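Undergrad: Coordinates only, no sequence provided:
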C-alpha cells in the first residue's frame, strides 16, 4: 500500500482523505471566524486579489473547487451575472453546507456539488475559469487534481491556485512560533479543536513551495504559469492558462 503525508505523519493514501474530512467536519462551523483570527483578516485581501486576477465577466462559466464556505463563488456569481454559471464544489459535506447557507443568505442560488477534485464530474473544455483557494495542499494526488482542473478548462481558460506557501526566510522563525504555538491555542479556544489547527500548520509546511508548484502546473499542461507572493510568501497565487 502506498503512503502519503497527513501533516507530519505518514499514513496510507486511502486514509488521508478520511482524515482531512474529519478535520474540516470539525472546524466547518467556526471556519470563517478562525480564518479572520489566524490571518488578521489578510485572507480577505488575498481572495480579493485572486478575484481581481480571475477577471470574471458576465456569462462566464466558473468552477470553484474546495470552495468551502463560498467566498470566491459568491464574488464570481455576482460578476458572471444571470447569464453565467458558477459552481461551488467541495469534497467535505459540512463545509459545503456552510457555503450553501451563506450563499442563500446573500440572495444567491448557484449549483453546488459534493465531489473529489481528482475526479471532477464535469465535461472537458467547459469552464472559463477554475479556482482553488487553500484546498490543493489537502489533496492526496495534486498532480491528478491539477490535470483534472486543466481538463475541464476551455482553451483560453485560466486556472488560479491560491495557497499558503513558503514564507520569506527572515520571517521563518517567528512564523513557525506562531504556527505551532498560537494557531493550536486559537483552535482550542475558538473552535474547541487544537489538533485540527496543528494539522493545518503542518500541512502548510508539507505543501510544495512556489517554484515547485509552478513546475507541477506546467507538467499538468498549463502554460504561461506565474505566481504572485502575498504577504512575504505566507500565501501565493499561481495562475496558468490552457491553450
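TA: That came in fine, so what should we check first? None of the values given here were measured: they were computed from a predicted structure. Numbers count the residues shown, from 1 in each chain.

Undergrad: only C-alpha atoms for contact and neighbour calcs from this point on.
TA: Noted.

Undergrad: hey, where'd the strands end up in the chain?
TA: 3-6, 9-12, 61-65, 85-90, 112-114, 127-133, 153-164, 223-230, 235-241 (DSSP state E).

Undergrad: for this protein, where's the lowest mean pLDDT among helices and strands?
TA: helix 13-27 (a mean of 73; mean pLDDT, DSSP states H and E).

Undergrad: Packing partners of that one?
TA: strand 3-6, helix 93-105, helix 194-206 (3 or more C-alpha pairs under 8 Å, 6 or more residues apart in numbering; DSSP states H and E).

Undergrad: so who does the nearest residue to residue 109 once chain neighbours are set aside touch?
TA: Spatially, and ignoring its direct neighbours in sequence, residue 109 is nearest to residue 103 (6.6 Å; C-alpha to C-alpha, 6 or more residues apart in numbering). Contacts for residue 103 (C-alpha atoms under 8 Å, 6 or more residues apart in numbering) come out as 70, 74, 109-110.

Undergrad: In this protein, where is pLDDT below threshold?
TA: Counting by pLDDT under 70, the chain has low-confidence residues at 1, 27.

Undergrad: hmm, try it at 50
TA: Within the chain, no range satisfies pLDDT under 50.

Undergrad: Endpoints of stretch 131-149, how far apart?
TA: 9 Å (C-alpha to C-alpha, to the nearest Å).

Undergrad: Skipping its backbone neighbours, what lies nearest residue 146 in space?
TA: Nearest non-adjacent residue to residue 146 (C-alpha to C-alpha, 6+ apart): residue 220, at 6.1 Å.

Undergrad: With residue 96 instead?
TA: Leaving out its chain neighbours, the residue that sits closest to residue 96 by C-alpha to C-alpha, 6+ apart is residue 68, at 5.4 Å.

Undergrad: my read: that neighbour touches residue 101, true?
TA: No: counting by C-alpha atoms under 8 Å, residue 68 stays clear of residue 101, with 11.1 Å between them.

Undergrad: Comparing these two, which residue is more hemmed in?
TA: Neighbours per residue (other C-alpha atoms under 10 Å) separate residue 68 from residue 101, with residue 68 holding more: 30 against 15.

Undergrad: For that one, list the residues it contacts.
TA: Each residue near residue 68 by C-alpha under 8 Å, 6+ apart is listed here: 88-90, 92, 95-96, 98-99.

Undergrad: One more: residue 234?
TA: Residues in contact with residue 234 (C-alpha under 8 Å, 6+ apart) are 164-168.
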